[in-house]
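*Asks:* Can you look at this prediction? I've put the sequence above it.
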Amino acid sequence: MTFLLLLALASADPPPAADARASTLRAQARDALGGESALASVHGLSLQGHFHRLPPPDGGAGDAARARGPLGRDAAGDLDLDLALPDKMRREESVSMAGGPSFTMIMGLSGAHAWMGTEGAAAGRGFGGGRGPRGEADTRSPADGKAMEEERRGAMGRRLQGDLARLRLALLADPGDGASVTYAGPAESPDGRADVLDVTSASGTRARLFLDATTHVPLMVTYQETMPARRFRRPMPADGVDRPETPGPVASPSDAAPRTVEVTLYLSDRRAVDGLQLPYHVSRAVNGNVVEEWDVTRWRVNPAFKPERFEKQ
């Protein structure tokens, strides 16, 4: 269920006691999530479950608007997510397309190094099949291709680092080393009341952590994200057979420009796992529209990861 909070922040600028209030609230949140001793011993988390992802509404209409998702359509399948604190993450999405092949998409982060790969029927195809943004033959020079690849990897690395930092904040009430935390004020909704913490990371990225005013557990994290310029790619056919290109939608000026969106990460259905309180339902919304949901079937605390788990094989 989507939980929407209507902000009623006390003031735009935090009062002088905001830092002290933030420290108290963060300590209460850590205690509600399992206690400082238990949380301090967490060096890794792993979850298994199912995901469902929808392309966000972007002003389009009909099928053309909904065709902008992984492989050109909505995606659902099995999810495996491994977190090795402070800076490693691996995400696997296993998808079976109706009447077509099964494959696994993998994204990895190790420090500042990010990578992406596939296993199964899509392995070796990449995301463009050796073609340009709309399926035409790629005519870029080797130097331009290398520069674009480096830019893409850099952007993916920053995005995965942000995802890891926000999961760490949401799951453990841990803002990370060098972060500043201040009290932003209370927030009200028809479902209850929350206390809001403003978090600024050491790198300068900002997020807001909403804590239940009664239980103090994290309810959600909000942040702004700049979406990259949209590039249309020809979806891979369900049967894996490469066919001649058919006409596709033409990018409009609004599609071509990067845009900033408000993202909300919701956490619910918390249960006890090895002394911690972990959510079994996670959803993500863009500008108020839910675009991704996780239904967790299993959590593991401090699993024994092999060192190569987070390196590209």
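*Replies:* On my side now, so go ahead.
*Asks:* Okay, now the unreliable bits of the protein?
*Replies:* 1-17, 56-73, 97-100, 121-140, 228-257, 313 (pLDDT under 70).
*Asks:* where along it do the strands fall?
*Replies:* 6-7, 44-53, 75-84, 88-96, 102-110, 113-120, 180-189, 192-200, 206-212, 218-227, 259-273, 276-286, 289-301 (DSSP state E).
*Asks:* how much does the last one deviate in direction from strand 75-84?
*Replies:* Here strand 289-301 runs at an angle of 40 degrees relative to strand 75-84 (axes from the mean of the first three to the mean of the last three C-alpha atoms, to 10 degrees).
*Asks:* Spit out the contact partners of residue 291.
*Replies:* By C-beta atoms under 8 Å, 6 or more residues apart in numbering, the contact list for residue 291 reads 53, 54, 55, 56, 284, 285. Glycine gets a C-beta too; all of them are placed from N, C-alpha and C.
*Asks:* Any chance of the residues you listed in CSV with neighbour count as columns?
*Replies:* Putting the contacts of residue 291 into CSV (neighbours: other C-beta atoms under 10 Å) gives the following:
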residue, neighbour count
53, 19
54, 17
55, 19
56, 19
284, 20
285, 22
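*Asks:* Just the closest of these to residue 297, please.
*Replies:* Among these, residue 53 lies closest to residue 297 (C-beta to C-beta), at 17.4 Å.
*Asks:* Just put the strands of the chain in JSON lines and tack on distance to residue 151.
*Replies:* Shown next, in JSON lines, are the strands of the chain (distance: least, C-beta to C-beta, whole Å):
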{"stretch": "strand 6-7", "distance to residue 151": "35"}
{"stretch": "strand 44-53", "distance to residue 151": "24"}
{"stretch": "strand 75-84", "distance to residue 151": "25"}
{"stretch": "strand 88-96", "distance to residue 151": "21"}
{"stretch": "strand 102-110", "distance to residue 151": "17"}
{"stretch": "strand 113-120", "distance to residue 151": "12"}
{"stretch": "strand 180-189", "distance to residue 151": "30"}
{"stretch": "strand 192-200", "distance to residue 151": "26"}
{"stretch": "strand 206-212", "distance to residue 151": "24"}
{"stretch": "strand 218-227", "distance to residue 151": "14"}
{"stretch": "strand 259-273", "distance to residue 151": "18"}
{"stretch": "strand 276-286", "distance to residue 151": "23"}
{"stretch": "strand 289-301", "distance to residue 151": "24"}
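*Asks:* of all the ones you listed, which lies closest to residue 24?
*Replies:* Among those, the nearest to residue 24 by C-beta to C-beta is strand 180-189 (8.6 Å).
*Asks:* re earlier: so which of the contacts of residue 291 is the closest to residue 261?
*Replies:* Out of the contacts of residue 291, the member with the shortest distance to residue 261 (by C-beta to C-beta) is residue 56, at 7.6 Å.
*Asks:* Distance check, the residue positioned nearest the centre of the chain against residue 169.
*Replies:* Ranked by distance to the mean C-alpha position of the chain (C-alpha atoms, centre = their mean), the top residue is residue 163 at 4.8 Å. Here residue 163 is placed at a distance of 11 Å from residue 169 (C-beta to C-beta, to the nearest Å).
*Asks:* Surely residue 299 and residue 273 touch.
*Replies:* Yes. Here residue 299 reaches residue 273: they are 4.5 Å apart, a contact under C-beta atoms under 8 Å.
*Asks:* dump the residue contacts of the residue nearest to residue 206 when sequence neighbours are not counted.
*Replies:* Spatial nearest neighbour of residue 206, chain neighbours left out: residue 200 (5.2 Å); criterion: C-beta to C-beta, 6 or more residues apart in numbering. Residue 200 makes contact with 179, 180, 181, 206 under the criterion C-beta under 8 Å, 6+ apart.
*Asks:* now residue 199
*Replies:* Residue 199 is in contact with 169, 175, 179, 180, 181, 206, 207, 208, 209, counting by C-beta under 8 Å, 6+ apart.
*Asks:* residues near the last one, how many?
*Replies:* Burial of residue 209 is recorded as 28 neighbouring residues (other C-beta atoms under 10 Å).
*Asks:* before we move on, what about the first one?
*Replies:* Residues near residue 169, counting by other C-beta under 10 Å, number 24.
*Asks:* Surely residue 195 is in contact with residue 214?
*Replies:* No. Applying C-beta under 8 Å as the test, residue 195 and residue 214 come out as separate, 10.1 Å apart.
*Asks:* Neighbour count: those two, which is higher?
*Replies:* Neighbour count, other C-beta under 10 Å: between residue 195 and residue 214, residue 195 has more, with 22 against 10.
*Asks:* what is the more buried one paired to in the beta sheet?
*Replies:* residue 186, residue 211 (DSSP bridges).
*Asks:* Return the residues in contact with it.
*Replies:* Contacts of residue 195 (C-beta under 8 Å, 6+ apart): 25, 183, 185, 186, 187, 210, 211, 213, 216.
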